[in-house]
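**Q** Return atomic coordinates for the entry below.
(2 chains)
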2 protein chains.
Amino acid sequence: MLTVFGSTALDTIRTPTRVLRGVLGGAATFASISASYFVKTGLIAVVGKDFPKKYHNTLARNLDLRGFRIQEGKTFRYDGRYDETLSTRTTLKTELNVLENFKPTVPEEYRKSEYVYLANNDPEQNVNFIKEFDNVKFSMCDTIEFWISHKKLSVIKMIKAVDAVVINDEEAKLLTKEHNLIKCAKKIMNWGAKYVVIKKGEHGSLLFYDGIIFPSVAFSLEDIVDPTGAGDSFAGAMIGYLASKRCTNLSTIKKAVVYGNVLGSFAVEKFGLDGILDLKKSQISKRVKHYEKMIRF
Amino acid sequence: MLTVFGSTALDTIRTPTRVLRGVLGGAATFASISASYFVKTGLIAVVGKDFPKKYHNTLARNLDLRGFRIQEGKTFRYDGRYDETLSTRTTLKTELNVLENFKPTVPEEYRKSEYVYLANNDPEQNVNFIKEFDNVKFSMCDTIEFWISHKKLSVIKMIKAVDAVVINDEEAKLLTKEHNLIKCAKKIMNWGAKYVVIKKGEHGSLLFYDGIIFPSVAFSLEDIVDPTGAGDSFAGAMIGYLASKRCTNLSTIKKAVVYGNVLGSFAVEKFGLDGILDLKKSQISKRVKHYEKMIRF
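**A** Prediction:
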């Protein structure tokens, strides 16, 4: 199985066409739902007593929630506004709430997880968390500007502790203080990650491994309404696909990146989590085929 | 043969590591030199009496210069500075000089050119210029912010008069007032271009034709020293390749875009024109093979 650890949130998303208030979000939510199309996925996260029952049902329908906790207090809340191009998001408010002092416990049944994804929580916590697993075959983490600015050394320690890092381009530059993405990736690999995937939003991604670079385009879309969670959906699909294949050779990882691009493209087509909820597996495989045809020359 | 019409310039290029003063540049220079690896290329451009003999020799070694004019006055000069990321260029000075009142004449021997590329000159002039050819099979134009801001209607008229438009992403957005690149391309195609190629610098390009989108990545490079002329080299290689194949079906155009990406990648590896001067054909075909291998999954 795959275990995803990170944030479940209630998001307020302000786009030029619509404002959503208090909707289900969070990096681990997007990643785990996305991964769940490929493999049985357990979500370790915490919410407060204010977490709506309907959202709990959504999670329960798709995920193993034995590691999911409801605690006294309020759910982690995020409020952000996109500009009219949908390419820049300004954070208006972040309330950690119950996330602040959450002590995750790994259910006994999860300890055998061979695949673990660390979705944007405190890097120090992540380093300890990963030690709870007995037999990790492939671990992956993402991180965000907040941790890079506040706990850079811990981020580097976390990178050392995992097999793969997925990170967006701006954060990779911020973390490594390099402008060129190849230089960024080399630095991250020098810190100990075997694989680095740099996400570039509408421009796709770059996978790095050893001396190899695998650039991939994004699935081209005309109607994008909400980019929230696209990168998390990418990462979730990637590790979900790997877990489903029980294989992490380079060619499988490249294919996993393509699935990442495809789930990312579903994510941005609808508001909030709706883009990746209730997809048919045939929709996913159809889009992967479309993707393969699109880039052929 | 291929005819390229546009600017030959003396550039001052300020990069974080080096400043070049009065070096050979100009959109048509980059495009024609790049095209010359594929097909006999004629350059129609004008320079002043100050144009150094050594640069004239460089052009003469690679191009048919029967349409190239040396006039009283100074050569078109451009002065620009890149920021430390090499992704933003600020124009410090533009002196049109002899370019301002240049009346191009198409040599008799060029009138049979089946391939014509219009590299960034005045769109009104371009529309008249293309009429001088008897038998154009494939014509392509680029344009720049200056013409979009000052002569937008003429730019649209020019687009109607050619088969293909290559344009960079920011200029496509400025021209169409759209944020999404697919929407940009649709608008440009509605104005009359059959093919649209949107160049995205380090993120590659998008080719549009009918309902089809062909996204392609850039050739990944770690050491970029000067992005000047990369987009012009891209366009030149594209139409040069098409002219060499005497074929403009979709599959050949896709391949031409790949050659565009490859010549663009050579352009940025050295300062000024040096990146695309004196390449061996085997270097180009080797990099195309490398490109094909790089994106395979």
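**Q** Spell out the secondary structure type for the residue positioned nearest the centre of chain A.
**A** Residue closest to the mean C-alpha point of chain A, counted by CA atoms, centre = their mean, is A:Asp232 at 2.6 Å. Put simply, A:Asp232 is helix when judged by DSSP: H, G, I helix; E, B strand; the rest coil.
**Q** separation between it and A:Tyr78?
**A** 12 Å (CB to CB, to the nearest Å). Every residue, glycine included, has its C-beta placed from N, CA and C.
**Q** hey, which helix is longest across chain A?
**A** helix A:250-269 (DSSP state H).
**Q** got the buried residues for that helix?
**A** A:252-269 (16 or more other CB atoms under 10 Å in any protein chain shown).
**Q** Could you look up the next helix or strand downstream of it?
**A** helix A:281-295 (DSSP states H and E).
**Q** Show me what that following helix is packed against.
**A** Under the contact definition 3 or more CB pairs under 8 Å, 6 or more residues apart in numbering or on different chains; DSSP states H and E, helix A:281-295 sits against helix A:250-269, strand B:212-216.
**Q** so can I have CSV of the ones you listed showing mean pLDDT and distance to A:Ser282?
**A** As requested, these are arranged in CSV below (pLDDT from 0 to 100; distance: least, CB to CB, whole Å):
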stretch, mean pLDDT, distance to A:Ser282
helix A:250-269, 98, 13
strand B:212-216, 98, 22
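**Q** who wins for proximity to B:Lys103 among these?
**A** Taking CB to CB, strand B:212-216 is the member of these nearest to B:Lys103, at 37.9 Å.
**Q** For A:Phe219, grab phi and psi.
**A** Dihedral angles of A:Phe219 (phi, psi; degrees, to the nearest 10) stand at phi -70, psi 120.
**Q** I'd say it and A:Val262 touch.
**A** Yes. Using CB atoms under 8 Å, A:Phe219 is in contact with A:Val262, at 5.8 Å.
**Q** Tell me the residues of chain A that contact chain B?
**A** A:84-87, A:179-183, A:186, A:200, A:202-204, A:206, A:213-218, A:220-224, A:251, A:254-255, A:257-258, A:294-295, A:297 (CB under 8 Å from any CB of the partner chain).
**Q** which of the residues you listed are buried?
**A** In the residues of chain A next to chain B, the ones that pass as buried (16+ other CB under 10 Å) are A:86, A:180-183, A:186, A:200, A:202-204, A:206, A:213-218, A:220-221, A:224, A:254-255, A:257-258, A:295, A:297.
**Q** what's the burial count for A:Val288?
**A** When neighbours are counted by other CB atoms under 10 Å in any protein chain shown, A:Val288 registers 18.
**Q** residue contacts, it?
**A** A:Val258, A:Tyr259, A:Val262 (CB atoms under 8 Å, 6 or more residues apart in numbering or on different chains).
**Q** rerun that using 10 Å as the cut-off
**A** Counting by CB atoms under 10 Å, 6 or more residues apart in numbering or on different chains, A:Val288 touches A:Phe219, A:Tyr241, A:Lys255, A:Val258, A:Tyr259, A:Asn261, A:Val262, A:Leu263.
**Q** For A:Ile295, see how far away the fourth one is.
**A** Applying CB to CB, the value for A:Val258 to A:Ile295 is 9 Å.
**Q** still on that earlier bit, and the pLDDT at the residue nearest to the residue nearest to the centre of chain A when sequence neighbours are not counted?
**A** Among residues not flanking A:Asp232 along the chain, A:Phe30 sits closest, at 3.6 Å (CB to CB, 6 or more residues apart in numbering or on different chains). With respect to pLDDT, A:Phe30 scores 98.
**Q** check which helix or strand covers A:Phe30.
**A** helix A:27-35.
**Q** That helix versus helix A:281-295: what angle between them?
**A** 90 degrees (axes from the mean of the first three to the mean of the last three CA atoms, to 10 degrees).
**Q** which helices and strands does helix A:27-35 pack with?
**A** Contact partners of helix A:27-35 among helices and strands, from 3 or more CB pairs under 10 Å, 6 or more residues apart in numbering or on different chains; DSSP states H and E: strand A:2-6, strand A:9-14, strand A:41-44, helix A:53-62, strand A:115-119, strand A:138-142, helix A:230-245, helix A:250-269.
**Q** I'd like the distance from the longest one to the chain centre, please.
**A** Relative to its parent chain, helix A:250-269 has a centroid offset of 12 Å by CA atoms, centre = their mean, to the nearest Å.
**Q** cool, and the shortest one?
**A** Using CA atoms, centre = their mean, we find the averaged C-alpha position of strand A:41-44 to lie 13 Å away from the chain's own average C-alpha position.
**Q** what's the helix or strand just after that strand packed up against?
**A** Per DSSP H and E, strand A:41-44 leads on to strand A:46-48 as the next helix or strand towards the C-terminus. For strand A:46-48, the packing partners by 3+ CB pairs under 10 Å, 6+ apart come out as strand A:9-14, helix A:53-62, strand A:69-71.
**Q** what's the angle between the second one and helix A:27-35?
**A** When the same axes, to 10 degrees is applied, the directions of helix A:53-62 and helix A:27-35 differ by 40 degrees.
**Q** Against which helices or strands is helix A:53-62 packed?
**A** Looks like helix A:53-62 contacts strand A:19-25, helix A:27-35, strand A:41-44, strand A:46-48 (3+ CB pairs under 10 Å, 6+ apart).
**Q** Would you mind giving those as JSON lines with distance to B:Arg287 and mean neighbour count added?
**A** Output for the helices and strands packed on helix A:53-62, formatted as JSON lines (distance: least, CB to CB, whole Å; neighbours: other CB atoms under 10 Å in any protein chain shown):
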{"stretch": "strand A:19-25", "distance to B:Arg287": "43", "mean neighbour count": "18"}
{"stretch": "helix A:27-35", "distance to B:Arg287": "35", "mean neighbour count": "32"}
{"stretch": "strand A:41-44", "distance to B:Arg287": "41", "mean neighbour count": "27"}
{"stretch": "strand A:46-48", "distance to B:Arg287": "51", "mean neighbour count": "23"}
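**Q** JSON lines please, covering the ones you listed and showing distance to A:Pro123.
**A** Output for the helices and strands packed on helix A:53-62, formatted as JSON lines (distance: least, CB to CB, whole Å):
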{"stretch": "strand A:19-25", "distance to A:Pro123": "21"}
{"stretch": "helix A:27-35", "distance to A:Pro123": "13"}
{"stretch": "strand A:41-44", "distance to A:Pro123": "16"}
{"stretch": "strand A:46-48", "distance to A:Pro123": "18"}
